[in-house]
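Trainee: Got a predicted structure here, sequence first:
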Amino acid sequence: MATTIAQDVKETTTWSMVFSVLMMITGVLAIIVPPVAGLTVTAMFAGLLIFAGVLHLGFAWRGDRPSTVIGEILLAVLYGALGIYMLARPVAGLESLTLVVAAYFLAKGIIEAAIAFKLRPLPGTGWLVFDAILTIAIAVMIAAAWPASSAWAIGVLFGVALFAAGLARLMVSVAVRRALA
C-alpha cells in the first residue's frame with residue numbers, strides 16, 4: 001500500500017512540476033510581449049463577463065418569482081454589456097482591468113500568506129511566503145502605475161506573478177518529492 005501512495009505522490013508531483021514549468025514559460029512570454037499579454041488578459045476577462053451574462057440568463061429562465069427573473073436579466077445585461085464594451089474598447093478595458101488586477105493580486109497575496117503560515121511546518125513553504133510577498137508588491141506597483149503605464153505594466157507584472165507562482169509550486173513539488181525519498 002505504501003508503494004501505491006508513493007507512486008501516486010510521484011505522479012502528482014510530476015504533473016505539478018510540468019504545470020509549474022508551463023506557468024513559468026507563460027510568465028516569461030508575458031514579460032517579453034507585455035502589450036499583447038495585457039490585451040489578451042483584457043479579452044479573456046471580457047469573454048468571462050459575457051459568459052457570466054449568459055449564465056445569468058439561464059438563471060433567469062429557472063427563476064420562480066418575477067423579482068428573481070428581473071434581477072437575473074438585469075445582471076445578465078450588466079455583465080454582457082461590460083464584456084462587450086471591453087472587447088469593443090480594449091485599451092479602456094485594459095486601463096479598467098488594471099485596477100481589478102491590482103485588487104486581485106492583493107487578495108491573492110494575502111490568501112497565499114495565510115496558506116503558507118497554515119502549512120508552515122511543511123518543507124518548501126518559504127517559497128509560498130516569497131510568492132505572497134512578491135504578489136502583494138506587484139499589486140502595489142500596478143496601482144501606483146495606473147493609468148499611464150497600464151498597457152505595459154499589466155502584462156509585465158502579470159508575467160512576473162505567473163513566473164513566481166510557477167516557481168513556488170515547482171519548489172514545493174520538489175520538496176514534497178525529496179521528503180518522500
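Mentor: All right, it came through fine. Residues are numbered from 1 along each chain as shown.
Trainee: Quickly find the element holding the closest residue to Phe158 other than its chain neighbours.
Mentor: For Phe158, ignoring the flanking residues on the chain, the nearest one in space by C-beta to C-beta, 6 or more residues apart in numbering is Ala30 at 5.6 Å. (Each C-beta comes from the backbone N, C-alpha and C, glycine too.) In this structure, Ala30 is located in helix 2-32 according to DSSP states H and E.
Trainee: and that helix, which residues are buried?
Mentor: Thr13, Ser16, Met17, Ser20, Met23, Met24, Thr26, Gly27, Leu29, Ala30, Ile31 (16 or more other C-beta atoms under 10 Å).
Trainee: next helix or strand past it?
Mentor: Moving toward the C-terminus from helix 2-32, the next helix or strand (DSSP H and E) is helix 34-61.
Trainee: And the following helix or strand past that next one, what does it pack against?
Mentor: Later in the chain than helix 34-61, the nearest helix or strand by DSSP H and E is helix 66-88. When contacts are defined as 3 or more C-beta pairs under 8 Å, 6 or more residues apart in numbering; DSSP states H and E, helix 66-88 packs onto helix 34-61, helix 90-118.
Trainee: Pull the residues that contact stretch 5-16.
Mentor: Arg169, Leu170, Val172, Ser173, Val174, Val176, Arg177, Leu180 (C-beta atoms under 8 Å, 6 or more residues apart in numbering).
Trainee: Take those and keep only those in helices.
Mentor: Arg169, Leu170, Val172, Ser173, Val174, Val176, Arg177, Leu180 (DSSP state H).
Trainee: Need the nearest residue in space to the second one, chain neighbours excluded.
Mentor: Nearest in space to Leu170, with sequence neighbours left out and distances taken as C-beta to C-beta, 6+ apart, is Ser20 at 3.7 Å.
Trainee: re earlier: can you tell me which of the contacts of stretch 5-16 are buried?
Mentor: The neighbour-count test (16+ other C-beta under 10 Å) applied to the contacts of stretch 5-16 identifies Arg169, Leu170, Val172, Ser173, Val174, Val176, Arg177 as buried.
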